[in-house]
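[1] Here is my input; please provide its structure:
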Amino acid sequence: MKRAMLALADGTVFEGTSYGGEGEAVGEVVFNTCMSGYQEILTDPSYKGQIVTMTYPLIGNYGVNPEDVESHRPFVEGFIIKEGSVLPSNWRARKSLEEFLREYGIVGIQGIDTRALTRHIRDHGAQEGVISTIDDDPNSLVAKAKASPGLIGRDLVKEVCCEAPFTWSRGIWEWPAGYREPGTGYPLGGVAERREPRPDRAQLSLFGSQVAARGSQAYKVVAYDCGIKWNILRQLVSSGCEVTVVPAATTAEIVLNLYPDGIFLSNGPGDPEGVPYLIQAVRKLIGKKPIFGICLGHQIIGLALGGRTYKLKFGHHGGNQPVKDLTTGKVEITSQNHGFAVDMESFTNDPKGRVFGDPADIVLTHVNLNDNTCEGLMHRRLPLFSVQYHPEASPGPHDANYLFKRFVEMMERDRRPAASSPQIQLKAGR
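    Numbers count the residues shown, from 1 in each chain. Next up, the predicted model:
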């Protein structure tokens, strides 16, 4: 097995063996606490610019199949594991994880102490790193890590979003028929065009509800693609939405000319302040149509409302983050993948007058029970809400799937005359 090395910008070096593609990968090193779901993690565009460390010690047990993907290819810069399974076993598997990484040229390393690496990141923070199978000089690799530009201020969205608008019609996977065209009894034969589409790749979900029938009453949703996960699109379709996906640089005027019932802001990689064009577009859309944002979309909403974001020490990456919904008092276990957070205090501490309307109308709705960071917000008077975590899961728990229903209900209220649309009452304030 070929030798490989991992070097961090602070001078910490780990030695292991190559796993997957060969060469060199540079990115911010983070850790993910999911025990499974590695295929969805690898293909999540939100990981662009990052090297992912899996904390679970044995990865690749069930191989790789053509269904459990969140985009048309992997977007991680590199992959770090303790041990890769040499005998994957699952009836859906088509190849091993290492073959999959090698096919897409994803540089990986195994055989290092991932527990020690995780503790180091937790104590010292996420930082730039390099995985290499071609350079075995620690000093050289550390210098490369230090020279990496990092995530702050970079626009990584433009590297993962679609190049042109497209429609999406595929709903969630249901046993035993698989994917179906909503509103029909026939299996779905096609899938949306997205640069290099793979019609055979879609997410397996044994926990989804029946696909909602569509027709003249379907909700027309325009989804901004900042690196959107396919399971978000599946959940929207299965909730009764007709979805048109547009590039992140699409103007507010173009979106409104599509006459949507609602606007969705997707997940995506990097620093939300690195995409000012989207922030400006969303600020023009606020109050015009119902808006729902997830992950980066949540942060974009926070910035469009006049708030600020900040970088977390090591981020939230995994499927076991506890979040309290302050509107109901319920606690849910959530899937998360973000390195930035919205600063709720920035709405009230606003010396430059940037906040959209009355700051008291911007309400904290969800909070992370591990570190008390903002996990969701809404506007008291305008049809707008967002969450920092991933209610579509994939991978992860399905506790927060109700948020797609909440979005549909918001669009339904917006369809009614003003007199029949009561103001939302909250159980908790800021």
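
[2] going forward, measure contacts between C-alpha atoms and count neighbours the same way
    OK.

[3] Does Ser18 touch Lys2 like I think?
    Yes. Checked against C-alpha atoms under 8 Å, the pair Ser18 and Lys2 is within contact range at 5.4 Å.

[4] Which one's more surrounded, those two?
    For Ser18 versus Lys2, the count of surrounding residues by other C-alpha atoms under 10 Å is larger for Ser18: 23 against 11.

[5] now Leu117: how far from Glu15?
    When distances are taken as C-alpha to C-alpha, to the nearest Å, Leu117 and Glu15 turn out to be 12 Å apart.

[6] Tell me where the longest helix sits in this protein.
    Of all the elements of type helix in the chain, the one with the most residues (DSSP state H) is helix 402-415.

[7] How far away from the center of its chain is that one?
    Average the C-alpha atoms of helix 402-415, do the same for its chain, and the two points are 21 Å apart (C-alpha atoms, centre = their mean, to the nearest Å).

[8] One more: stretch 266-279?
    Centre-to-centre, stretch 266-279 and its host chain are 12 Å apart (C-alpha atoms, centre = their mean).

[9] heads up, I number from 330, so please use that
    Taking 330 as the first residue, the last one we looked at is stretch 595-608.

[10] what's the span of it, first residue to last?
    Span of stretch 595-608 from end to end, C-alpha to C-alpha: 13 Å.

[11] what about that stretch, average pLDDT?
    What stretch 595-608 shows for mean pLDDT is 98.

[12] What are the contacting residues of it?
    Around stretch 595-608, the neighbours that count as contacts under C-alpha atoms under 8 Å, 6 or more residues apart in numbering are 374-378, 480-486, 552-558, 577-580, 622-626, 628-630, 632-633, 638, 668-669.

[13] from those residues, which would you call buried?
    A residue is treated as buried here by neighbour count (16 or more other C-alpha atoms under 10 Å); on that basis the buried members of the contacts of stretch 595-608 are 374-378, 480, 483-486, 552-558, 577-580, 622-626, 628-630, 632-633, 638, 668-669.

[14] Pull up the gap between the residue nearest in space to the middle of the chain and Ile691, please.
    If you average the C-alpha coordinates of the chain and look for the closest C-alpha using C-alpha atoms, centre = their mean, you land on Asn596, 4.1 Å from that point. To Ile691, Asn596 is 21 Å away according to C-alpha to C-alpha.

[15] Also Glu344?
    If you measure Glu344 against Ile691 using C-alpha to C-alpha, the figure is 48 Å.

[16] Who has more neighbours out of the two?
    Higher neighbour count among Glu344 and Ile691: Ile691, with 26 against 19, using other C-alpha under 10 Å.

[17] give me every residue that touches the residue nearest to that one when sequence neighbours are not counted.
    Using C-alpha to C-alpha, 6 or more residues apart in numbering and skipping the chain neighbours, the partner closest in space to Ile691 is His708 (4.7 Å). Taking C-alpha under 8 Å, 6+ apart as the contact definition, His708 lies against Asp690, Ile691, Val692, Phe714.

[18] give the contact list for the last one.
    For Phe714, the contact set (C-alpha under 8 Å, 6+ apart) comprises Ile620, Phe621, Gly622, Gly705, Leu706, Met707, His708.

[19] Let's have those in CSV, adding secondary structure and distance to Lys473.
    Listed next are the contacts of Phe714 as CSV, based on DSSP: H, G, I helix; E, B strand; the rest coil; distance: C-alpha to C-alpha, whole Å:
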residue, secondary structure, distance to Lys473
Ile620, strand, 41
Phe621, strand, 39
Gly622, strand, 36
Gly705, strand, 37
Leu706, strand, 39
Met707, strand, 42
His708, strand, 44
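
[20] re earlier: which of the residues in the longest helix of the chain are classified as buried?
    Buried residues in helix 731-744, defined by neighbour count with 16+ other C-alpha under 10 Å: Leu732, Phe733, Phe736, Val737, Met739, Met740, Glu741, Arg742, Asp743.

[21] any idea of the mean pLDDT in it?
    94.

[22] so where does Phe643 fall, helix or strand?
    Secondary structure from DSSP states H and E places Phe643 in strand 637-654.

[23] Report the next helix or strand after that strand in sequence order.
    Past strand 637-654, further along toward the C-terminus, the next helix or strand under DSSP H and E is strand 659-672.

[24] what's the angle from that next one to strand 637-654?
    Between the axes of strand 659-672 and strand 637-654, defined by axes from the mean of the first three to the mean of the last three C-alpha atoms, to 10 degrees, the angle is 170 degrees.

[25] tell me the mean pLDDT for strand 659-672?
    Averaged across strand 659-672, the pLDDT comes to 97.

[26] Arg745 versus Leu485, what's the distance?
    With distances defined as C-alpha to C-alpha, the gap from Leu485 to Arg745 amounts to 39 Å.

[27] rewinding a little: common neighbours of Ser347 and Lys331, please.
    Taking C-alpha under 8 Å, 6+ apart as the contact criterion, the residues that touch both Ser347 and Lys331 are Thr462.

[28] May I have the one helix or strand Thr346 maps to exported as CSV, CA atoms only?
    Using DSSP H and E, Thr346 maps to strand 342-347. Coordinates of each C-alpha in strand 342-347 appear next as CSV, following Å, rounded to 0.1, in the frame of the first residue of the first chain:
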residue,chain,number,x,y,z
VAL,A,342,1.5,15.6,10.7
PHE,A,343,0.0,12.2,10.4
GLU,A,344,1.3,9.3,8.4
GLY,A,345,-0.8,6.6,6.9
THR,A,346,-1.5,4.8,3.6
SER,A,347,-3.2,5.9,0.4
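
[29] picking up where we left off before, if you average the pLDDT over the strand holding Phe643, what comes out?
    Across strand 637-654, the average pLDDT comes to 97.

[30] Pairing partners for that strand, with directions?
    Under the criterion DSSP bridges, strand 637-654 sits next to strand 659-672 (antiparallel), strand 691-697 (antiparallel) in its sheet.

[31] ranges for the helices of this protein?
    Using DSSP H, the helices assigned to the chain run over residues 367-371, 426-433, 443-453, 467-476, 559-567, 581-585, 605-614, 625-633, 674-677, 731-744.

[32] winner for burial among those helices?
    helix 625-633 (a mean of 29; mean count of other C-alpha atoms under 10 Å).

[33] which residues are contacting that one?
    Contacts of helix 625-633 (C-alpha under 8 Å, 6+ apart): 555, 593-598, 601-602, 607-609, 611-612, 621-622, 637-638, 667, 669-671, 685, 705, 715-717.

[34] Walk me through the domains of this structure.
    332-476, 486-749 (automatic domain parsing).

[35] Where among those domains is average confidence lowest?
    When the domains of the chain are compared by mean pLDDT, domain 486-749 comes last with a mean of 86.
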